[in-house]
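# sequence and computational prediction follow.
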Amino acid sequence: MAPKIDAAPIVAALPQRADAIETALVSRGITSVKAVDEGVHLADELWLPERGARVVAKAWVDPAFRARLLANGKFAVAELGIEMPAHHRHLVVLENTNDVHNVICCTLCSCTALTVIGLPPDWYKDLEYRSRIVRESRSVLREMGLDLPAAMEIRVWDTTADTRYMVLPLRPEGTEGWTEARLAALVTKDAMIGVSRVSAS
Amino acid sequence: MDGVHDLGGKQGFGRVQHRPDAAVFHAEWEKRVNALYGLAVRHGVFNMDEYRHAIERMDPRHYVRAGYYERVLTGLATLCVEKGVITLAELEARAGGPFPLARLLGPGRSNAPKRCSHGPGDKVRVVAQHVSGHVRMPGYIRGKLGVVISVSPVYPFPDAHAHGIPAEDEPTYDVRFHSRELWPDAAEDALVHVGVFESYLERAE
């Protein structure tokens, strides 16, 4: 006997809801399947942390670029062909030092410099990170594997306007003379958010 | 609005479920929804402040339970229905079942009538206001004292822009707060920097 099928589900399943809005918008000519495919391609192939890693590596080897990056991040990343959406009018680059550690968040939603450091990872958008990082930063970072010395000042940056942030991590020791490409390969999205260090090993 | 989305400093949440190289997407529909909301913004169906506010207006139980891309999907669909681009009935017919949307809240407001500009080093206090519409002042800085570190370019005023109300663009200030000012005796030491719109600030002596 065939199993009894329930009447209506409580809500339509997510893939069906997503398909409903896509087909509705396509039917109105507001978008096309091709345009959505292109949008998916941007997120999958272009907005990747490798872009931000190139920025970081260049800042480590080129003091003039580093100065321009710290003065106006949006102009400086554009030199490397990295665009930002029109509504992201400013990119502030936060330089970690031996005394100061920076970490970024968005407590109200999940804003990031997504075209530079990549789309935010799922934990960045979760309620735990958004609630706790502003109030218990040292404990949260320790839980995430970054145990900072007690004397290290922590600066947390909450992305509440459309200015965007990225962290310029400390260059790891033992990388003197490395090429930009080799340095860039060390830099992770987590390090540009500020929840990990860059390590040469 | 004092919504459940305003999470900064809320207590009781557990460990961050962190993994190095964590995934951005977990299903194909998430990628398509992420592309769709951006295309809707570019097509002028709604702006980013309307979009953020639509997500904030989700029923709190739905908001807390939903993953990020379900929130994106719900905000997108809500605005398409509210703006008359599509009806809820059509969405539910296409989806084959109920399609929960966010509810209407508000109202919005224009810029503060008296605003004063600030510069680096100025001491400022966040106005102790409660707003029922969209606002980009996280609750944890309400009424708190901070110091202006720098000034950002002008942006559309979100409290107005999310509600179709005319307003001037205004500067935002990078304001530094000490965690002990924000949560006296109940926070770890840190400096918390928040991008604060000019309308939310007054000069502190």
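Perfect, thanks for sending it. Residues are numbered from 1 along each chain as shown, chains lettered A, B, ... in the order given.

# now do the buried residues in the longest strand that chain B contains.
In chain B, taking DSSP state E as the definition, the longest strand is strand B:145-155. By 16 or more other CB atoms under 10 Å in any protein chain shown, the buried positions in strand B:145-155 come out as B:Gly146, B:Val147, B:Val148, B:Ile149, B:Val151, B:Ser152, B:Tyr155. Every C-beta, even on glycine, is put in place using the N, C-alpha and C of the backbone.

# now the residue in chain A that chain B sits nearest to: how far from B:Gly108?
For chain A, the residue closest to chain B is A:Gly39, as judged by CB to the nearest CB, at 2.5 Å. According to CB to CB, to the nearest Å, A:Gly39 and B:Gly108 sit 29 Å apart.

# cool, and A:Glu79?
A:Glu79 is 39 Å from B:Gly108, by CB to CB.

# B:Asp159 too?
5 Å.

# who touches both of these two?
Common neighbours of B:Asp159 and B:Gly108, counting by CB atoms under 8 Å, 6 or more residues apart in numbering or on different chains, are B:Gly133, B:His134, B:Ile165.

# would you list the phi and psi of the residue of chain A closest to chain B?
phi -60, psi -40 (degrees, to the nearest 10).

# and it, what does it touch?
B:Arg32, B:Asn34, B:Ala35, B:Leu36, B:Gly38, B:Leu39.

# can you rerun that using 7 Å?
Going by CB atoms under 7 Å, 6 or more residues apart in numbering or on different chains, A:Gly39 touches B:Ala35, B:Gly38, B:Leu39.

# next structured bit after the longest strand of chain B?
Remark: after strand B:145-155, the chain's next helix or strand is helix B:158-161, criterion DSSP states H and E.

# alpha carbons of that following helix, as PDB, please.
Provided in PDB are the C-alpha atoms of helix B:158-161 (Å, rounded to 0.1, in the frame of the first residue of the first chain):
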ATOM      1  CA  PRO B 158      19.100  54.000   6.200                       C
ATOM      2  CA  ASP B 159      16.100  55.000   8.500                       C
ATOM      3  CA  ALA B 160      14.700  56.900   5.500                       C
ATOM      4  CA  HIS B 161      16.100  54.900   2.600                       C
END
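
# packing partners of it?
For helix B:158-161, not one helix or strand is in contact under the criterion 3 or more CB pairs under 7 Å, 6 or more residues apart in numbering or on different chains; DSSP states H and E.

# please redo it, this time with the cut-off set to 10 Å
With contacts defined as 3 or more CB pairs under 10 Å, 6 or more residues apart in numbering or on different chains; DSSP states H and E, helix B:158-161 has these neighbours: helix B:48-56, strand B:170-178.

# what sits up against whichever helix or strand comes after the last one?
The helix or strand immediately downstream of strand B:170-178 is helix B:179-182, counting by DSSP H and E. By CB atoms under 10 Å, 6 or more residues apart in numbering or on different chains, the list of residues contacting helix B:179-182 from outside reads A:134-138, A:154, A:156, B:8-9, B:138, B:140-142, B:144-146, B:186-192, B:194.

# drop anything exposed from these.
Of these, these count as buried by 16+ other CB under 10 Å: A:134-138, A:154, A:156, B:8-9, B:138, B:140-142, B:144, B:146, B:187-188, B:190-192, B:194.

# in strands, which of the residues you listed fall?
Using DSSP E, the buried ones among the contacts of helix B:179-182 in strands are A:Ile154, A:Val156, B:Gly146, B:Leu191, B:Val192, B:Val194.

# show me which pair in the residues you listed is furthest apart.
Greatest spatial distance in those: A:Ile154 and B:Gly146, 16.3 Å, computed using CB to CB.

# can the longest strand of chain B be said to contact chain A?
Yes: using CB under 10 Å from any CB of the partner chain, strand B:145-155 reaches chain A at B:Ile149, B:Ser150, B:Val151, B:Ser152, B:Pro153, B:Val154, B:Tyr155.

# save those residues as CSV, and put in pLDDT too.
Formatted as CSV, the residues of strand B:145-155 next to chain A follow (pLDDT from 0 to 100):
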residue, pLDDT
B:Ile149, 97
B:Ser150, 96
B:Val151, 96
B:Ser152, 92
B:Pro153, 90
B:Val154, 95
B:Tyr155, 96
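
# list just the nearest of those residues to B:Ala204.
B:Ile149 (14.8 Å).

# OK, contacts around the closest one?
So B:Ile149 contacts A:Val92, A:Arg155, B:Pro120, B:Gly121, B:Asp122, B:Tyr173, B:Asp174, B:Val175, B:Arg176, B:Leu191, B:His193 (CB under 10 Å, 6+ apart).

# buried among those residues? Make that a ChimeraX selection.
Buried residues among these (16+ other CB under 10 Å), as a ChimeraX selection:
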select /A:92,155 /B:122,173,174,175,176,191,193
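
# for B:Glu90, state which of the contacts of B:Ile149 is nearest.
Among the contacts of B:Ile149, and counting by CB to CB, the member closest to B:Glu90 is A:Val92, at 43.1 Å.

# what residue in chain B comes nearest to chain A?
Counting by CB to the nearest CB, chain B gets nearest to chain A through B:Ala35 (2.5 Å).

# count of residues packed around that residue?
As a burial measure, B:Ala35 scores 21 neighbours (other CB atoms under 10 Å in any protein chain shown).

# same check, this time on the one 5 residues further on
Residue crowding around B:Ala40 was assessed by other CB under 10 Å; the count is 23.

# OK, contacts around it?
Contacts of B:Ala40 (CB under 10 Å, 6+ apart): A:21, A:25, A:30-31, B:46-47, B:51, B:75-76, B:79-80, B:83, B:85.
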